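> How does the following fold in three dimensions:
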Amino acid sequence: RARFTILLPSVHHCSLIMNSLNFLCICISLLQFVSCQDFQLRQHLATKSPYWIPPASAPPAPLPDPSCVPVHINLLARHGSRNPTTGDIKGLDRLQASISQYRSSISSDYEWLKNWTSPYDLLQQGYLSYNGELEHYHLGQRFSSNFTSLLNMTFSPDTCVLQSTMVSRTGMSGVSFAFGMYEGKGTLGTNDMDPFYIYTEDLSSDMQLRFFDACPAYVNLLDTDVINSSEATKYVTIYSSAIGQAVADKLGVSGIWSISEADLHAMFIACAFDASSSSPDTADNFCSLFSDDDILQYETGEDLDAYYMNGYGNSMNYLIAAPLLQSMVDAMDAAFQGGKQKAYLRFAHAETIMPLISLLGLYKDPVPLTASMSPDELAARQWHTSMISPFASNVALVAYECANGGQRVRALHNEREVILPGCNEVYCCYDVFREVYASYLSQNTTSMCFPESAPPPPPSPEPPKDSNIRINPFVLASIVVGASVLGAALSPYIVLFFKYLKGRGHSTTSYSKLPTSD
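Here you go, the predicted structure:
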């Protein structure tokens, strides 16, 4: 069954007319790839989709001036395909228990399911998979090839900065990317590797790549359900019953096993990770339990969740990404002023990619997405996380210097050129770019995330001059008498002790000179 989809960038700062020929070329290129093709399951698994968007089939937009040369590249990339995280693994374990309970009733057509056990270990939750390593290894090769003057060279911390969050899968993704970029450029090992360095910041203070954890005001909005996924919950409630019944019919357990929303979600998760590690077209995996429409409904539910939790559903979702954009612009400013740095490569999460995409104004629907929209309205949405933030998704801003003094910036999303809102061409005038995003570039995120810190505690009060403390005379007399008796009892031993020290030649004042611990 063919699917016809056109994905258009949002242009809320300018009219569609302004985006003319270059905009049309991008749309045609994207249309050539995703239209008139049979349904591709791997391209509809929301943020669990493997990296499926290839380089654009159309040639890059022509330079506005032949003298323009790239002087800097900012790259933000999500980690590659990974193992399920703790919550999903526990859900798969519960699914395994449900399957075991109804094993004898499952149709013989699904013999593989009767003895299915979850292959995922909690000790390896969230780890980068081999496919995730390959995604970034090849991504590094392609970026190095496409931007030879910026990336096709030996590593130097002065010219290239690599940064990841303090999570193994992002660090390993950065390493895999760098392997693809620096392999053959050094002298180390059989593959002539050039050593490189990746730095990271503490999770609790990483305001550029893990702002969703490091901003207390944002975390509070999540904790108090101000930011929530209720629209996704409504949508899932609408479709899950019918899909669960269809799966039960397929398995031959209708009337025996009433498949819960939790078990159905776990089946979709199992399908997604099956698809990222093996062929989803084989019969012996969970993807075979669902129709194309089932997958599309699952994708829509996941998109609604991400829209409200990480995207346009609440402005705070993307305003907290302003420090990241500010850092990117600072790097381009420095490059235009003759700085040495040529590349700043960052490796993070879907929760980093989607807010930045939203901050840039890409893929913004004209009205908020809701569960009550018609199927046609939801199908026409621009917010598709399978395309916006699959595993290894990436956003790049490339700065160009032109001989006539002009400065340009070119935006890429998943290796495809995109026209930024407010710009009328792929190579956006840098002054226009800065004007479009001026409010974000001047935003004080510190005051937004840490609004009115609690005042410091007052100093310890001085004892009042007229103290109200009263000591019982009997207690005071007891203390004095006790001290006198104890002193009289110990005085002979104290005298002997000092005589002993004098005889040994020790000074009674030398202890103050003993060294303290380093």
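> Touching, residue 434 and residue 442? I think so.
No: using Cβ atoms under 8 Å, residue 434 is not in contact with residue 442; the gap is 10.3 Å. The C-beta positions use only the backbone N, C-alpha and C, and glycine is treated the same way.
> And those two? Which one has more around it.
residue 434 (16 against 9; other Cβ atoms under 10 Å).
> Assign a three-state SS to the more buried one, would you?
Using DSSP: H, G, I helix; E, B strand; the rest coil, the secondary structure recorded for residue 434 is helix.
> pLDDT score for it?
In this model, residue 434 is scored at 98, pLDDT.
> quick one, what contacts it?
329, 441 (Cβ atoms under 8 Å, 6 or more residues apart in numbering).
> what's the spacing between it and residue 337?
To residue 337, residue 434 is 14 Å away according to Cβ to Cβ, to the nearest Å.
> Select the longest strand from the protein.
Longest strand of the chain, by residue count under DSSP state E: strand 69-78.
> Partner strands of that one, with direction?
strand 343-348 (parallel), strand 394-401 (antiparallel) (DSSP bridges).
> For that strand, what is the distance to the chain centroid?
18 Å (Cα atoms, centre = their mean, to the nearest Å).
> One more: stretch 82-90?
Per Cα atoms, centre = their mean, the centroid offset for stretch 82-90 relative to its chain is 16 Å.
> Also stretch 60-75?
28 Å.
> how about that stretch: buried residues?
Neighbour-count burial for stretch 60-75 flags 61, 63, 64, 68, 70, 71, 72, 73, 74, 75 (criterion: 16 or more other Cβ atoms under 10 Å).
> Need the max-distance pair from those residues.
Distance extremes for those: the farthest pair is 64 and 75 at 22.3 Å, using Cβ to Cβ.
> mind listing what the residue minimising distance to the centre of the chain touches?
Centroid check for the chain by Cα atoms, centre = their mean gives residue 349 as the closest residue, at 1.8 Å. Neighbouring residues of residue 349 by Cβ under 8 Å, 6+ apart: 78, 79, 165, 167, 170, 209, 210.
> Kindly recompute the last result at 6 Å.
Counting by Cβ atoms under 6 Å, 6 or more residues apart in numbering, residue 349 touches no other residue.
> Distance check, it against residue 164.
Counting by Cβ to Cβ - residue 349 and residue 164 are separated by 10 Å.
> what about the strands in the stretch 1-150 of the chain?
Remark: strands assigned in the stretch 1-150 of the chain by DSSP state E, counting those that start in this stretch are 2-3, 37-38, 69-78.
> now the ones you listed in a markdown table, with distance to residue 422 and mean pLDDT?
Listed next are those as a markdown table, based on distance: least, Cβ to Cβ, whole Å; pLDDT from 0 to 100:
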| stretch | distance to residue 422 | mean pLDDT |
| --- | --- | --- |
| strand 2-3 | 31 | 39 |
| strand 37-38 | 32 | 60 |
| strand 69-78 | 18 | 98 |
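> Can you say which of the ones you listed is nearest to residue 292?
Across the strands of the stretch 1-150 of the chain, closest to residue 292 is strand 2-3 (Cβ to Cβ), at 8.3 Å.
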